[in-house]
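> would you be able to build a 3D model of this:
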Amino acid sequence: MSRKRIIAAVRELALLPAQELGLELVDVEYTIEQGRWYLRVFVDKEGGVTLDDCQALSEKLDALLDRVNSISHAYILEVSSPGIERPLKTVADFQRFRGHLVKITTFAPQNEKGQLVGRLIDASGQTVVLGIGDDEIPISMRQVASARLVADVWEGKEACKK
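The predicted model follows:
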């Protein structure tokens with residue numbers, strides 16, 4: 001089975017148990033590193049995920065994967081938080097994180113750049129709008145190769161001063 005199909009199958013398999021545990025399925029990766037295959041499932045929830053959340057989903061998903069047996073070779077299953085710089089994959093992700101600092105990589109240059117960092121102003125099914133300085137830059141969703149939150153160190157420093 002191809003890597004893409006494995007990712008799609010695992011995403012489908014993980015969705016229900018993640019929801020049952022109150023978790024949002026953020027992303028699935030299937031990659032080889034230093035000769036070992038890794039199946040990584042990233043989950044999130046309001047207030048952040050705990051080690052217990054990850055362990056519970058890992059146990060449920062491991063049992064499901066053993067039953068389905070769609071991966072024919074050894075791999076390491078990891079279930080974790082996507083981290084502070086989580087990827088934005090869906091329109092709902094973009095809408096949820098309006099006002100946050102994001103980095104968007106595009107397939108074709110936008111404003112003569114392939115990567116843009118700015119405040120996420122708005123998002124729809126067709127367009128993401130980034131605020132960069134005083135400018136609002138619309139980006140077609142079809143042009144977004146990847147997007148992720150950026151840790152905003154300045155906001156953290158301001159919060160520490162209060």
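
> walk me through the domains of this structure.
Listed domain ranges for the chain are 3-80, 91-161 (source: automatic domain parsing).

> now what about stretch 28-42, what contacts it?
3, 6-7, 10-11, 14, 25-27, 57-58, 61, 65, 71, 73-82, 86-87 (CB atoms under 8 Å, 6 or more residues apart in numbering). (C-beta placed from N, C-alpha, C; glycine too.)

> just the buried members of these?
6-7, 10, 14, 25-26, 57-58, 61, 65, 71, 75, 77, 79-82, 86 (16 or more other CB atoms under 10 Å).

> where does pLDDT dip in the chain?
Low-confidence segments of the chain (pLDDT under 70): 153-162.

> that one: strands as residue ranges?
24-33, 36-44, 76-80, 101-110, 113-123, 127-132, 135-140, 144-149 (DSSP state E).

> quick test: name the residue nearest the centre of this structure.
Pro87 (3.3 Å; CA atoms, centre = their mean).

> what's the burial count for the residue lying closest to that one once chain neighbours are set aside?
Distances taken as CB to CB, 6 or more residues apart in numbering put Arg148 closest to Pro87, at 4.8 Å, once the chain neighbours are dropped. For Arg148, the neighbour count with other CB atoms under 10 Å is 18.

> Asp53: which of the strands of the chain is closest?
Nearest to Asp53, of all the strands of the chain, is strand 36-44, at 6.9 Å by CB to CB.

> pull up the pairing partners for the closest one, direction included.
strand 24-33 (antiparallel), strand 76-80 (parallel) (DSSP bridges).

> how far away is the residue nearest to Gly125 when sequence neighbours are not counted from Gly99?
Nearest non-adjacent residue to Gly125, counting by CB to CB, 6+ apart: Val91, 5.6 Å away. As for Val91, its distance to Gly99 is 16 Å (criterion: CB to CB, to the nearest Å).

> between those two, which one's more packed in?
Each of Val91 and Gly99 has its neighbours counted (other CB under 10 Å); Val91 has more, 14 against 10.

> which residues touch stretch 105-114?
Under CB under 8 Å, 6+ apart, the answer for stretch 105-114 is 115-116, 132, 137, 139, 142-147.

> max pairwise distance over those: which two?
Ile132 and Arg142 (20.1 Å).

> which of those two has more residues huddled nearby?
A direct count of neighbours by other CB under 10 Å for Ile132 and Arg142 places Ile132 higher, at 14 against 10.

> which residues touch the more buried one?
Contacts of Ile132 by CB under 8 Å, 6+ apart are 111, 116-119.
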